[in-house]
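Engineer: sharing a model prediction with you, sequence too.
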Amino acid sequence: MFPRVFVTGIGIITAAGNGADENLDSLTALRTGIGKLSGFPSIHNNIPVAEVKYGNDELAGLAGLSPGDKYTRNTLLSLVAARQAINSSGLRQAGRRSGAVFANTTGGMDFNEKYYLSLLQSDEYSDYISLFDTADCGEKTALHFGIKHNVTTISTACSSSANAIMTGARLIRNGYLDTVLAGGSDALTKFALNGFLALEILSSSGCKPFDRNRDGLTIGEGAAFLVLESEKTADPQRVICEISGYANANEAFHATSSTAEGTGAALAMSEALKTASLSASDIEYINAHGTGTEINDLSEGAAIMRIFGDRIPFVSSTKAFTGHTLGAAGAVEAVFSILAIQHQVVMPGLNFTEQMPELSFIPQVRSFPHTIKNVMSNSFGFGGSNTTLIFSKVQ
Amino acid sequence: MKAWIRSNGIISPQLTYSASAFPETVTGIFTDRLSCIEPDYRELINPVLLRRMPRIIKMGLASARLCIDRAGGVIPGGIIVGTGLGCLDNLEKFLVEMLQKDEKITTVLPFINSTHNAVAAQVSMLLKNQSYSTTYSHRGFSFESALLDALMLLNERKALNVMAGGIDECTSDFHRLHSYLAAWKKPLNNLDLLSANTEGSISGEGSAFFMLTSEKGIGNVSVDGVRFFLSAENADPVEVLEEGRSFLLENGFLPGDIDVFMPGLNGDSRTDGIYHLVYERLFAGKPVACWKHLCGEYYTSTAFAFWLASEILDSQRIPETAMINKKKTGLLRSILIYNRTGKKEHSFILLTRNTL
């Protein structure tokens, strides 16, 4: 009754590169995108960040726009990644019901930061007001590609784009649409940098996921999109893999933290396995949320141990390459999970030296070939929002 | 998939929190900004939690609490929120402090409270509910997206009951910035909004939650479908009419079957034309009920419209203050809500009454 959902296109831009190939190369070569802040002046420029290595005019060029147009950096990133996803899938809208589900956390915050104070005094920059919110990016991206129906945006903090992919898949499963552009984007902003810094969860040297001496996350930016298609309409030649499972659970514990036992994370993982009709032993690789904060890696690690027992799959967090791209993270990591299936490799982490005493496993630190049939991708956010996606090789 | 409306909880610029039915008298005040009539939150939320709680979260928690209580304490298997602006008040606070103090932040609380999913998260926490939770934040599609997600969750049999809501708060800064865009009229009595025939509208706000269930026989009114789409900047009326017709057809209706048409008229002479056109071309002669003169214009005002429509179908009576043409009404079995936000966003919601 519910049709299967296939991935037929992917697009990605992060600090680790523009496009799937560049990102894969960076990961294989263990080359991080984390570096020094250059995008905007800040008193916190000693904090490492993961910036996309293109200015806004260059991004406009990559997106096929004229430089100088009124686009926020978030929208530019979104357009670049969506264009790749659509080109790689040959998204055919004719005769198909298409839609788009976007995700971000700070919308056009870069324009907000530039113009907000003066707008409180005068209307000089009133043309920019409509660019501030979370909807502007998705609306512009959708219209750019002629997508009109079911265009929406999810904002659930750091699980936003995992939820967008889940909603996209469900719109197809429930028969509302045949094909969906789903993913998310976030630009690096002073707002998020200061917020995470005030929460005292930013690493001073670059995030060290699942390391005993981890000292916080590294904030990044980027965008990633998938083209999802119903098995009923997808061209079999273009099918990359299947979204076989997904789940969203709320930990209902704390606004910005999670339980040490990872109750919500474990619930999302076990429910996702259920929707995929898979057992834990079917998963070969977990692309972890793995932010590198004290509490995330502890609770996610505990949840992984609870679900997988003594047969823990390969685990890594690719955030050591891309930084934590917030609203884009779920989609960025979905792309890495898909690349693992496409290329039959385990994705590496970085910056690991010492095992966490609480955990029975260590993260992978290099890329190597392996049979990969099913990959689990975790995304957890503020507000206890936990989402797990499972991607499977199509037999 | 259709879902039955089990209960509601709504805080709005009208006195709507104390009973689920439409209030006996409506509020008309001279203003360019309608604010919610709020309950005594201490009666609905633990007072210890109320301290330092942002107003939008109070509104969200209180209306969710009312909704659950009126559903007899049923435990939702999903909590889905639509909010166009999210927790804008705290976002502005953190932003302004950061900019004015050159990043020397003194408090992180506004940052925590600025996340768009803060309302949904607090509802989950209040209820200790670990089920599905998500937040849509896409201007005039926010509540519609939440509604569609709820219908899917019920269709997937992931839950028997899902709570979906729409919430937005008007902040002073938002009101000021949008006054630059000529969004608001000069102050007037809100009850005269729809006949003003001038540019702009009145800003509004509100929080409305609904317990939806797939269990037949609970509640008299169901939501049968929702559709939202983007048009070009200047909507081609033919496109809107076509979307409306095909949406109704998809749900087994012809325009002539609709008993009450609810257009999102907001008194703005620049944009109200499309509603008149849809009325004349598809629903001429039908009773018309409106809502924005009661709650103001805001991104999730369709949640207020959804409540009004469900009350009309349930009570079989269109409140005089909501009805803008004096047409004779027979049995009221179906209502179509059509709303447009900005220049490009259009949505339809279809509600029906099951048996009469």
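Structural biologist: Okay, I see it.
Engineer: where are the low-confidence patches of the chain?
Structural biologist: Using chain A. A:68, A:91 (pLDDT under 70).
Engineer: not quite, go with chain B.
Structural biologist: Low-confidence segments of chain B, defined by pLDDT under 70: B:356.
Engineer: how about it: which residue is closest to chain A?
Structural biologist: Residue nearest to chain A within chain B (CB to the nearest CB): residue B:121, separated by 2.8 Å. Backbone N, C-alpha and C define where each C-beta goes, glycine included.
Engineer: surely that residue is in a helix?
Structural biologist: Yes: counting by DSSP: H, G, I helix; E, B strand; the rest coil, one finds residue B:121 located in a helix.
Engineer: ok, residue 327 - contacts?
Structural biologist: All of this refers to chain A. Taking CB atoms under 8 Å, 6 or more residues apart in numbering or on different chains as the criterion, residue A:327 is in contact with A:103-106, A:155, A:157-158, A:160-161, A:184-186.
Engineer: hmm, no, I was thinking of chain B.
Structural biologist: Contact criterion CB under 8 Å, 6+ apart gives B:285-288 as the residues in contact with residue B:327.
Engineer: so the residue in the stretch 251-395 of chain A that chain B sits nearest to: helix, strand or coil?
Structural biologist: Distances between the stretch 251-395 of chain A and chain B by CB to the nearest CB are smallest at residue A:383, namely 2.8 Å. Secondary structure, three-state DSSP: residue A:383 is helix.
Engineer: for the spatially most central residue of chain B, what are its contacts?
Structural biologist: Nearest to the geometric centre of chain B sits residue B:303, at 1.9 Å (CA atoms, centre = their mean). Taking CB under 8 Å, 6+ apart as the criterion, residue B:303 is in contact with B:10, B:82, B:143, B:165-167, B:206-208, B:210.
Engineer: got the buried residues for the one helix or strand it maps to?
Structural biologist: Using DSSP states H and E, residue B:303 sits in helix B:301-315. Going by neighbour count (16 or more other CB atoms under 10 Å in any protein chain shown), the buried part of helix B:301-315 is B:301-314.
Engineer: right, and the helix or strand after that helix?
Structural biologist: strand B:334-341.
Engineer: so which elements touch that following strand?
Structural biologist: helix B:237-250, strand B:260-263, helix B:273-282, helix B:301-315, strand B:345-353 (3 or more CB pairs under 8 Å, 6 or more residues apart in numbering or on different chains; DSSP states H and E).
Engineer: neighbouring strands for that strand, and are they parallel or not?
Structural biologist: With DSSP bridges as the test, strand B:334-341 is paired with strand B:260-263 (parallel), strand B:345-353 (antiparallel).
Engineer: between it and helix B:273-282, how many degrees?
Structural biologist: 150 degrees (axes from the mean of the first three to the mean of the last three CA atoms, to 10 degrees).
Engineer: restrict strand B:334-341 to CA atoms and write it as CSV.
Structural biologist: C-alpha atoms of strand B:334-341 as CSV (Å, rounded to 0.1, in the frame of the first residue of the first chain):
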residue,chain,number,x,y,z
SER,B,334,-19.0,21.5,4.4
ILE,B,335,-16.7,24.5,4.6
LEU,B,336,-13.8,25.5,2.4
ILE,B,337,-11.2,27.8,3.8
TYR,B,338,-9.2,29.7,1.2
ASN,B,339,-6.3,31.9,2.4
ARG,B,340,-3.6,33.8,0.7
THR,B,341,-0.5,35.1,2.5
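Engineer: relative to helix B:301-315, how tilted is it?
Structural biologist: If you take the same axes, to 10 degrees, strand B:334-341 sits at 170 degrees to helix B:301-315.
Engineer: thanks a lot, see you next time.
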